[in-house]
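Peer 1: I need the structure of the sequence given here:
(2 chains)
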Amino acid sequence: MIQNKKSNYKIFTPYILLIPSLVFSVGILFYPTIKMVQYSFLNWTFGKAYETAEWNGINNYIWIFNSPSSSLYHALYLTITYTVLSVIAELVIGLIVAVILNRNNVLGRSTLLTGFMIPTLLMPVMVGMMWRMYMYPNGILSYFLRLFGMNINWYTADWALPAVILIEIWQFTPFFIISFVAGLRAIPTEVLDAAVVDGASGWRLFFNISLPYLKPIIVVTVMIRSLWIIKSFDVIYTMFTGGPGSATEILGLSIYRALFMYRNIGRSASLSVILAILTLIVTYMFMRFIYRSRESSESSNSN
Amino acid sequence: MSDNIKLSTWRYRFDGIFNNIFVWVILFIFLVPYFYLILGSFKTPGDIQAYPPRFFSKFTFENYIKVFTDVNIIFYLKNSFIVAGLTTIISLFIALPAAYSFARFKFWGKDWLAYVLLAILMAPIISLVYPFMTLANQLGLYDSHLGLILFYLPWNVPFAVWMLRTFVSDVPKELEEAALVDGCSRIGAFIRISIPLLVTGLFTTGVFIFIGAWNEFIIAFFLTSTNARTLPTTIDFFLTYGSFQFAPMFAAGVIGTLPIVVCALFVRRYYLVGQTAGALK
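Peer 2: Numbers count the residues shown, from 1 in each chain, chains lettered A, B, ... in the order given. You can find the predicted model right below:
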């Protein structure tokens, strides 16, 4: 009897230990998430009491997908452009710098890596504010660009998105660099030595040995960063608040504008659902990848 | 043959010089915007807004004094400290049992639960802002420290669980088992044997949670108005109050970011673990 009780207790122990964490994460988010979905089906604008907001079926979604004044496709286009261009640039620059940083004859590597940490840790709002000042027509960046004959006004519809991408690249390429250097240093030296003995050098060494080893780290880094960019808000809000016009109105800003400019809670909630689904898809891909790589590393460890 | 070696050492030297110059120049490019912010915070408003820019100008604390007197930044710093500090401590307390559970037990649904927590980490805050606002109003938590902390937890607890899980796994199981043999209870063994070995892990995780909560803008911006406003939301003052104020902004930017940079130096070895919630180790 006592024995039985004890084994029951043992079965439930791991679950009991999880309860606080689940309550304060899933538990807190559950109700707001349900509410978000519910709001997305309501014809509800500011000034209207919640009780009087009527059920609107999928009309919010129909409007968002069909109306010419809906910002959805524009926002999706901007979000994807912003994400893809930033991540590709970060990936390429990150790889080049990491490979060179990883050479044996580089001095002060740990100082360099510590230095590269700094931009990634800065408060996004302050980063937006800082670049807002630098990119002003009489700001320091505009001044330097003019020295090189480039007279760019970042506060125009054409240049606002490039400005935001530039800031993203500035702030988070260092994350890619640090991540890739860690990956390169984890390549067993025997493998590299063997390849050198076999006559591989330079580019072949990189493409045939380093890159395959780096692949899991590249995928994880790219996916994490993409997720953060897709749902980003702070930097663009402080730089442009989605403008000029709607030139930087990515999905996050679209939700904000639907809520506080057009004062339409229902449509804003529909956009929120769309953003949530988009992040969920990328998160799912990301997790499947981590899960598989964890499994394979665990099985190779046990062998 | 000797020619060849000479050539290659020359090439090696040139290569070394090039590599070193290249990486240091790249680092310089990435740091210069931030250093310029620090430099600018000690310039007079006139010098900051001068065009063409003046790189060397009068050194002054004027901007800092202005930020502390006009904007009363101490109040917002205090709020940020309370919210970020309590979020950190509470998250660690809540997450530690779960981390222990994931690291030490094998149970049905383990992977599934761990990935549910990781998925929550990626939930877009901006999507949930309006439901949060209504919920906070219903609970009377709008514009309160407690409200902010409560809505920070869903993101920080899963993060802490994933981080601490890797740190707990690194503590050898055998140490706890030895204590069990000596008559300790399972919890006693964990508290007496493992917690002292987890100090680094708890500290590291705590620093990353603190940084995240300190930098958080969206929830703080939409869920506070006067009493519980944190530092990131104060940029609004510089954006909208009267004219565009460059100079105090520089000072506020430095005050908001420099402590974080210094904090992060203590945990730089764990930077990648922290940035990826333990996905990259």
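Peer 1: for chain B, which residues score under the pLDDT cut-off?
Peer 2: Low-confidence segments of chain B, defined by pLDDT under 70: B:1-8, B:239-245, B:280-281.
Peer 1: how about a cut-off of 50?
Peer 2: Low-confidence segments of chain B (pLDDT under 50): B:1-4, B:241-242.
Peer 1: following the biggest helix by length in it, which helix or strand shows up next?
Peer 2: Ranked by number of residues, the top helix in chain B under DSSP state H is helix B:2-40. The helix or strand immediately downstream of helix B:2-40 is helix B:45-49, counting by DSSP states H and E.
Peer 1: contact partners of that next one?
Peer 2: With Cβ atoms under 8 Å, 6 or more residues apart in numbering or on different chains as the test, helix B:45-49 has contacts from A:138, B:40, B:54, B:57-58, B:62-63, B:246-247, B:250. In this view, the C-beta of every residue, glycine as well, is placed from N, C-alpha and C.
Peer 1: so which of those residues sit within helices?
Peer 2: When the contacts of helix B:45-49 are checked against helices (DSSP H), the matches are B:40, B:62-63, B:246-247, B:250.
Peer 1: ok, the residues you listed vs chain A, which is closest?
Peer 2: Checking the ones in helices among the contacts of helix B:45-49 against chain A with Cβ to the nearest Cβ, the nearest one is residue B:246 at 5.8 Å.
Peer 1: wait, the closest one touches residue A:133, no?
Peer 2: Yes: with contact defined as Cβ atoms under 8 Å, residue B:246 counts as touching residue A:133 (5.8 Å).
Peer 1: ok, these two, which is more surrounded?
Peer 2: More neighbours surround residue A:133 than the other of residue B:246 and residue A:133, with 24 against 19 (other Cβ atoms under 10 Å in any protein chain shown).
Peer 1: what sits against that one?
Peer 2: Contacts of residue A:133 by Cβ under 8 Å, 6+ apart are A:139-140, B:246, B:249-250.
Peer 1: let's see 7 Å
Peer 2: Shown in contact with residue A:133 (Cβ atoms under 7 Å, 6 or more residues apart in numbering or on different chains): A:139, B:246, B:249.
Peer 1: and it, what element?
Peer 2: According to DSSP H and E, residue A:133 maps onto helix A:124-134.
Peer 1: list the buried ones in the helix or strand just after that helix?
Peer 2: Using DSSP H and E, the helix or strand that follows helix A:124-134 in sequence is helix A:140-147. The neighbour-count check on helix A:140-147 (16 or more other Cβ atoms under 10 Å in any protein chain shown) flags A:140-142 as buried.
Peer 1: run through chain A and note the low-pLDDT ranges.
Peer 2: Chain A contains residues with pLDDT under 50 at A:1-3, A:302-303.
Peer 1: around chain A, pick out the residues from the stretch 151-281 of chain B.
Peer 2: By the rule Cβ under 7 Å from any Cβ of the partner chain, the part of the stretch 151-281 of chain B lying against chain A is B:153-154, B:157-158, B:161, B:211, B:215, B:217-218, B:232, B:235, B:246, B:249, B:253, B:256-257, B:260-261, B:264-265, B:268, B:271-272, B:275-276, B:279-280.
Peer 1: pretty sure residue B:228 sits against residue B:79.
Peer 2: Yes: here residue B:228 lies in contact with residue B:79, judged by Cβ atoms under 7 Å, at a distance of 5.7 Å.
Peer 1: please identify every residue contacting each of these two.
Peer 2: Common neighbours of residue B:228 and residue B:79 (Cβ under 7 Å, 6+ apart) are residue B:145.
Peer 1: so which elements touch the longest helix of chain B?
Peer 2: Applying 3 or more Cβ pairs under 7 Å, 6 or more residues apart in numbering or on different chains; DSSP states H and E, we find helix B:2-40 packed against helix A:72-101, helix A:109-121, helix A:124-134, helix A:157-185, helix B:246-266.
Peer 1: for the shortest one, output the C-alpha coordinates as PDB.
Peer 2: Going back to what we said before, that points to helix A:124-134. The C-alpha coordinates for helix A:124-134 follow below in PDB (Å, rounded to 0.1, in the frame of the first residue of the first chain):
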ATOM      1  CA  PRO A 124      15.500  48.700 -29.100                       C
ATOM      2  CA  VAL A 125      13.600  51.900 -28.400                       C
ATOM      3  CA  MET A 126      16.900  53.800 -27.700                       C
ATOM      4  CA  VAL A 127      18.400  52.200 -30.800                       C
ATOM      5  CA  GLY A 128      15.500  53.600 -32.900                       C
ATOM      6  CA  MET A 129      15.800  57.000 -31.200                       C
ATOM      7  CA  MET A 130      19.600  57.100 -31.700                       C
ATOM      8  CA  TRP A 131      19.300  56.300 -35.400                       C
ATOM      9  CA  ARG A 132      16.400  58.700 -35.800                       C
ATOM     10  CA  MET A 133      18.800  61.400 -34.700                       C
ATOM     11  CA  TYR A 134      21.700  60.200 -36.900                       C
END
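Peer 1: care to break chain B down by domain?
Peer 2: B:2-62, B:64-275 (automatic domain parsing).
Peer 1: most neighbours per residue, which of those domains?
Peer 2: Neighbour counts averaged per stretch over the domains of chain B are highest for domain B:64-275, at a mean of 19; criterion: mean count of other Cβ atoms under 10 Å in any protein chain shown.
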